[in-house]
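Undergrad: Got a sequence here, can you build the structure:
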Amino acid sequence: MCLSLFSLKLEASTKKDTIVNSFKLKTVIIDPGHGAKAEGSPPGHYSRGADGSFSSERNVTLALGLKLQKAIEKDINGVKAVLTRSTADDVSWERRAQIANENKGQLFISLHCNSLADRVVRERVGTKRGKAVYKSVRVPDRSGKGVLMLIYGLHRSREEENAIKNNQVEEDSEMNGAALDPDDPVVIILTNEYKRKFRKQSVNIANFINDELVQNDGRRTEGLREQGLYVLCHAAMPSVLVETGYINNPEEEEYLNSEEGQNDIVNSIVRAIKSYKSQIEGVTTN
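TA: Coordinates of the predicted model:
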């Protein structure tokens, strides 16, 4: 059986897949991380994000997201960009993934700002009976600098499989509303193939974005890491979370809030998407 990315169709009667060689990237989901607490939102809904000395992650990511949406639709022909939030109000992780899947996204990019926790140090505060007296104090750590790409951790693969079955394999099937049998060998094969391809393409888009930010913008990078992120593994598509910089580093905070810095980040991501688009649209089957 020959299987190809984004072109798998399941026939209910014959249990065979139909291969199509004409995939086009049409929809990119942009996810501005965090947000402000919406009035009446349930407990646990709000995820504040990081703060700098004069700005907050939720505002920086929204500004980047709005600019990125415009740039994608202006500069990448035939591609629509959908935002998971376009206002200051926060959106739950569950809803963000749901928006991505409802809009049939083919690429998910989550925008965030990084921050370092305070360091705990021992500080001498005096002397008692001839011995030094110390106490532990918290000191802000503003040394973080650079970008970081995150993809979902493999330990959440079962959640990813369920998302793919519910949003990708079922969508590709021609079963006229009938429920998929999760134990059907073909369903299992298709799910695993999508999972493998999405994983590979998540790494690819992460590397494209990282390379653009480093090579064109001169940014420091912490590379690519795995992390157990709900929003990534529940989006049934290639996904990456971009830590655009350390908002609690004064120099980086200025950059993240400047027109120049935001335009640099947006333009680098757009160039990366163009490279990614060319790569995946060039995939053919024999």
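Undergrad: if I pick residue 238, what's in contact with it?
TA: Shown in contact with residue 238 (Cβ atoms under 8 Å, 6 or more residues apart in numbering): 106, 107, 108, 198, 201, 202, 204, 205. The C-beta positions use only the backbone N, C-alpha and C, and glycine is treated the same way.
Undergrad: just curious, which of those is nearest to residue 225?
TA: Relative to residue 225, the closest of the contacts of residue 238 is residue 202; by Cβ to Cβ it sits at 12.1 Å.
Undergrad: My guess is the closest one contacts residue 149. True?
TA: No. Contact between residue 202 and residue 149 fails when scored by Cβ atoms under 8 Å: they sit 9.4 Å apart.
Undergrad: Can you check which residues contact both of these two?
TA: Contacts common to residue 202 and residue 149, judged by Cβ under 8 Å, 6+ apart, are residue 240.
Undergrad: quick one: the strands in the stretch 1-150 of the chain?
TA: Along the stretch 1-150 of the chain, counting by DSSP state E, counting those that start in this stretch, strands occupy 10-11, 27-32, 80-83, 107-114, 119-128, 131-139, 147-152.
Undergrad: Just want the angle from the lengthiest helix in the chain to strand 107-114.
TA: If each helix of the chain is counted by residues according to DSSP state H, the longest one is helix 185-215. In terms of direction (axes from the mean of the first three to the mean of the last three Cα atoms, to 10 degrees), helix 185-215 departs from strand 107-114 by 50 degrees.
Undergrad: by contact count, what packs against helix 185-215?
TA: Contact here means 3 or more Cβ pairs under 8 Å, 6 or more residues apart in numbering; DSSP states H and E; on that basis helix 185-215 packs against strand 10-11, strand 107-114, strand 147-152, helix 157-164, strand 221-227, strand 239-246, helix 259-281.
Undergrad: and the residue of the chain positioned farthest from its centre, what pLDDT?
TA: Computed with Cα atoms, centre = their mean, the residue of the chain farthest from its C-alpha average is residue 129, at 56.8 Å. Per-residue confidence (pLDDT) for residue 129: 81.
Undergrad: how close does it sit to residue 252?
TA: 46 Å (Cβ to Cβ, to the nearest Å).
Undergrad: Ok, residue 70 next?
TA: 24 Å.
Undergrad: What's the local residue count around residue 89?
TA: Neighbour count for residue 89, taken as other Cβ atoms under 10 Å: 16.
Undergrad: same question but for residue 29, I mixed them up
TA: Count around residue 29 with other Cβ under 10 Å applied: 26.
Undergrad: And for it, nearest residue in space, chain neighbours not counted?
TA: residue 105 (3.8 Å; Cβ to Cβ, 6 or more residues apart in numbering).
Undergrad: Is it correct that that neighbour is in contact with residue 82?
TA: Yes. Between residue 105 and residue 82 there is a contact at 6.6 Å, judged by Cβ under 8 Å.
Undergrad: Looking at the two, which one has more neighbours?
TA: Comparing residue 105 with residue 82 by other Cβ under 10 Å, the one with more neighbours is residue 105, at 27 against 19.
Undergrad: and residue 120, how many neighbours does it have?
TA: There are 10 residues near residue 120, going by other Cβ under 10 Å.
Undergrad: how near is it to residue 134?
TA: From residue 120 over to residue 134 (counting by Cβ to Cβ), the distance is 12 Å.
Undergrad: How about residue 69?
TA: Distance of residue 69 to residue 134, given as Cβ to Cβ: 52 Å.
Undergrad: pLDDT value on residue 235, please?
TA: 89.
Undergrad: can you offset everything so residue one is 359?
TA: I'll keep to 359 as the first residue from here, and by that count the last item is residue 593.
Undergrad: gap between it and residue 633?
TA: Distance from residue 593 to residue 633, by Cβ to Cβ: 21 Å.
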